[in-house]
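Q: predicted structure and sequence below. I'll ask about it afterward.
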Amino acid sequence: MCRECWERAFYAYGTAAIFQARSLRYRSLIRALTFMGIVVPLLIGGVVLGFGLHASYLPSLLVIASAVGVFQLVFSAWAIVYAWADNLEYSLESAAENFELSSLFKQLGTLAPEPPADLQIRYAAAQAKDDARRAADDKKGLTKKELRYGHRAGLRQFQRKCEGCQNVPASMDSTDCPVCGRF
């Protein structure tokens, strides 16, 4: 049971790292979209307020703003169709719960020398919660690159050697290892 606790702690941590990275990517994309939606109208309004409607470069600026506006509409449609906001929310939730599960299994794994009487019950409750989280996370379609990233994060956190390169990762920089790199 102790070995299973440490394995589940390892994999929950790796999954948390994957969803944390996803949340950072979605947050950046949503912020860029929001910034574009605010800065273009503000720029046009600022030029008109500052120089009036008869500024010689206003027509050129409006053409550029229109092109950026079309790009923004396409970008916004992409965000809506691919549900960036929902994916951000899910990624944040999954990362938090997987970090919590990792800590819980790590704590249970350290109880091996003198296990408490209710260890089996605590393990079963944690296992049920972990199984439910894994099933939900699997529906989100983890890529092989993300799995290697999560594996490297777990190796680094728990100071384990990679089966491929025989190194304990010191950083999250990608390497050429087919097991813990190439992400």
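A: Cool, got the structure.
Q: residue nearest the centroid of the protein?
A: By Cα atoms, centre = their mean, the chain has its centre lying nearest to R22, at 2.3 Å.
Q: residues contacting stretch 30-45, please?
A: Stretch 30-45 is contacted from outside by 61-62, 65, 68-69, 71-72, 75-76, 79, 84-85, 88, using Cβ atoms under 8 Å, 6 or more residues apart in numbering. All C-beta spots, glycine's among them, are computed from the backbone N, C-alpha and C.
Q: now with 7 Å, please.
A: By Cβ atoms under 7 Å, 6 or more residues apart in numbering, the surrounding residues in contact with stretch 30-45 are L61, A65, V68, G69, Q72, F75, S76, A79, W84, A85, L88.
Q: check stretch 133-150 too.
A: Contacts for stretch 133-150 (Cβ under 7 Å, 6+ apart): 14-15, 17-18, 21, 90, 94, 97-98, 101, 180-183.
Q: swap in 8 Å and give it another go.
A: In contact with stretch 133-150 (Cβ under 8 Å, 6+ apart) are residues 11-12, 14-15, 17-19, 21-22, 90, 94, 97-98, 101, 172, 174, 179-183.
Q: need the distance between the two termini of that stretch.
A: End-to-end distance for stretch 133-150, by Cα to Cα, to the nearest Å: 16 Å.
Q: how close does V70 get to A77?
A: Separation of V70 from A77 (Cβ to Cβ, to the nearest Å) stands at 11 Å.
Q: mind checking the pLDDT average for stretch 174-183?
A: Averaging pLDDT along stretch 174-183 yields 96.
Q: now swap in stretch 23-36 and tell me
A: Mean per-residue pLDDT for stretch 23-36: 96.
Q: what residues of that stretch count as buried?
A: By neighbour count with 16 or more other Cβ atoms under 10 Å, stretch 23-36 contains the buried residues S23, Y26, L29, L33, M36.
Q: secondary structure class for the residue lying farthest from the centre of the chain?
A: Distance from the C-alpha centroid of the chain, by Cα atoms, centre = their mean, peaks at H54 (47.9 Å). Following DSSP: H, G, I helix; E, B strand; the rest coil, we place H54 in the coil state.
Q: and it, what does it touch?
A: By Cβ under 8 Å, 6+ apart, H54 lies in contact with nothing.
Q: check the one 4 residues further on too.
A: Going by Cβ under 8 Å, 6+ apart, L58 touches V47, V48, F51.
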